[in-house]
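Dropping the sequence and predicted coords here.
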Amino acid sequence: MTHPRGKPGKRLLDSRAMCYELAKSGISLPLLFTPQFIAGDETFRRIISGESDISPGDSDARFDDRIWHQNAIYRASMQAYLTWCDTLKSEVENALLGLEQKTQLSAAVTLLTHALAPNINPGNSPVQHAYESRGASLVHDLHRMTHDLFAFALSSHPTEKNLLAVGRNIAATAGAVIHRTEMLEIIQYTPITAEVHAIPLLITPSPVNRFYLCDLQKKNSLVHYLIKQGFQVYTLSWRNPARAHRHWNLESYVSETLDAIHELTSTRGHQQINLMGFAAGGMLTALVSSLLSQREKKGKRSPVNSATQAITSLQTHTGSQVGTQLNEQLINAAKTLTLLHEVTDAKQLARNFSWLSPNNLLWNPLVCNYFSGETSPEKDIFHWNNDTLRTTASLYCDFLSMAGDDPLLENNRLSLCGDTINLSNIQCDTYTLAGSCDHITPWESCYQTCLSMGGSREFVLVNRGHTRALVCPIDTNDACYYTHSEISANPDDWLCDATEQRGSWWPHWATWLAQRSGGKQPQRGDAQNPKLDPAPGRYVIE
């Protein structure tokens, strides 16, 4: 059985340092710029003769088109490219460089090889389309490229915004805003089954992202799937902060999440609630679960019945591609710059995230939009990725403060809302989801999130990247996930013993969640929850 492996944790580094290391190493490592293909090379001979069996990994979707495997020329160029990439990787690993220099060089080489991949060459895959359209596709696509260059200045990956609209064909599941504060809205989705599970689910999105990653189009909406299964579903929708909100920090978001849980359990009549958070929203889910567990020791019962963390890493120091090799001086400088700006621009975040996963968020959309006469097959995810929230200076500084160590994983190291954080005190059942190809929260780091919890734990690994791990509808053909009932201390040991399951992880989680959502009862309707606005609410369009 072949298990997926997450890619080594690469980091966003200073661009000048990366370029310097790449140029300097190019002198001593000529293979960085000259492929190791000469006439007498056996690998090269096998590629040219069509005898080579070199193929991309299961998670590499760049060469999914059958032309890369059926056409001899295309297949040879793909195999030559993959061999070149492996050669570069080996040379970097064996280079006599320090750890920091090697990390910088590895990051630079990754960007270089992604940019030179044959699938983004306008002379490859789009040729057939240009031939069939008698050149019309080239004229049309060049016009679109010119328009986007001037309109968006390559600020992020291209999307056709006119085709997507929040509330019309994304984030369009029926529901209503039932509660609003200065920071958030609570959205209740309309049940579509006669009976619903007694214990509802509250989704906590990341405070730096829009909530509707769980509610894209109907065909890939996790929310729609859940309400079809008879779950009561609520979600938080964070407000897009302005400069006046620069004081909102991590404690503010934790406090608002606690208040939202209180609103649903005390005011709306739910005695217990299941939590689900994705990305940094999973961090909020873990923190509030810990705080409520602490208060339970003081005689106040925790309303959290179960907690799910999806694509969430609580390792803030190492293992994440978002974290740079920071020192205290650089952290303090970044804090000073952030405080001067008061909020971080959303477009800058979108640019950063596009370069974190250039194959999925930059090069593939480039080929689809400009060289293949088609729109990106996952344009709704790209639309969501561009629709970022601003980040307040205070929240950004809190994240920077955690970049130097792992305060979340050290018991009683961090205090929030009057109590210390001790994740091992969480005794409710937990479910942790990770993506084997995740470029932001590597699955090994997500596994540490699972290990940090007390109580009964479930860990599931899906063979997809960061957002696509979460957005994995049941009709996804290439999806599989891995499960194992025993949570080992080492993630590699867990993976060796895990069992592969074909298809989406959604049904597996729905079964797990149903066992913790109580019996079914007739739906109560909307009478007890007055509507402030129809879903998706006001804050998502700010």
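Good, I have the coordinates. Keep in mind the model is a prediction, meaning the values are calculated, not measured.

and the longest helix for this structure?
Scanning the chain for the longest helix, with DSSP state H as the assignment, gives helix 72-94.

List the buried residues of it.
74-85, 87-88, 91-92 (16 or more other Cβ atoms under 10 Å). C-betas here are computed from N, CA, C, even on glycine.

Doesn't S445 lie inside a helix?
Yes - counting by DSSP: H, G, I helix; E, B strand; the rest coil, one finds S445 located in a helix.

Is it correct that it is in contact with T316?
No - S445 lies out of contact with T316 (Cβ atoms under 8 Å); the separation is 9.5 Å.

Geometric centre of the protein: which residue is closest?
Closest residue to the average C-alpha location of the chain: H466 at 3.1 Å, with Cα atoms, centre = their mean.

so after the helix or strand E251 falls within, what's the next helix or strand?
Using DSSP states H and E, E251 maps to helix 250-262. As assigned by DSSP H and E, the chain's next helix or strand after helix 250-262 is strand 273-278.

how near is T430 to A514?
T430 sits 16 Å away from A514, going by Cβ to Cβ, to the nearest Å.

Among those two, which residue is more densely surrounded?
T430 (25 against 15; other Cβ atoms under 10 Å).

Who does that one form a beta bridge with?
Beta-bridge partners of T430, counted by DSSP bridges, are A307, R457.

Does it touch F459 like I think?
No - at 9.1 Å, T430 does not count as touching F459 under the criterion of Cβ under 8 Å.

Quickly list what's touching both of these two.
Shared contacts of T430 and F459, defined by Cβ atoms under 8 Å, 6 or more residues apart in numbering, comprise C450.

Next one: L226, what pLDDT does it get?
We have a pLDDT of 98 for L226.

ok, now the one 4 residues further on?
In this model, G230 is scored at 96, pLDDT.

ok, now G135?
At G135, the pLDDT value in this model is 62.

ok, now T432?
T432 is given a pLDDT of 97.

Am I right that it sits in a helix?
No - counting by three-state DSSP, T432 is not part of a helix but strand.

That one contacts Q309, doesn't it?
Yes - using Cβ under 8 Å, T432 is in contact with Q309, at 5.1 Å.

Next one: the residue nearest to the centre of the chain from Y81, what distance?
24 Å.

Ok, Y539 next?
For Y539 relative to Y81 (Cβ to Cβ), the value is 45 Å.

quick one: contacts of stretch 261-276?
178-179, 186, 199-204, 234, 285, 288-289, 292, 303-308, 310, 513, 516-518, 528-529.

Which parts of the stretch 251-400 of the chain are helices?
Secondary structure of the stretch 251-400 of the chain (DSSP state H, counting those that start in this stretch): helices at 280-296, 328-341, 346-356, 358, 364-370, 379-386, 393-401.

May I ask you to confirm that L287 is in contact with T420?
No - using Cβ under 8 Å, L287 is not in contact with T420; the gap is 11.1 Å.

more neighbours, these two?
Ranked by neighbour count (other Cβ under 10 Å), L287 and T420 place L287 first, with 24 against 14.

Give the closest residue to that one in space, chain neighbours not counted.
Counting by Cβ to Cβ, 6 or more residues apart in numbering, L287 lies nearest to V254, which is 5.2 Å off, once chain neighbours are set aside.

if I pick the one you found, what's in contact with it?
284, 287-288, 291, 416-417.

cool, N220 as well?
Counting by Cβ under 8 Å, 6+ apart, N220 has contacts 380, 471, 473.

How about V460?
431-434, 481-483, 505, 508-509.

Report the buried residues of stretch 176-190.
For stretch 176-190, by 16+ other Cβ under 10 Å, it's 176-180, 183-189.

Just the endpoints, please. Distance across it?
8 Å (Cα to Cα, to the nearest Å).

Would you map the strands across the stretch 51-200 of the chain?
175-180, 184-189, 195-197 (DSSP state E, counting those that start in this stretch).

Residues contacting the second one, please?
Think strand 184-189. 173-180, 211, 223, 227, 232-239, 256, 260, 263-264, 526, 529, 532-533, 535-539.

Quick one, which of these are buried?
Buried, going by 16+ other Cβ under 10 Å: 173, 175-180, 211, 223, 227, 232-239, 256, 260, 263-264, 529, 535-537, 539, out of the contacts of strand 184-189.

Give the phi and psi angles for the closest residue to R239 other than its chain neighbours, as a check.
Leaving aside its sequence neighbours, R239 sits nearest to Y539 (Cβ to Cβ, 6+ apart; 4.5 Å). Per-residue torsions, Y539: phi -60, psi -30 (degrees, to the nearest 10).
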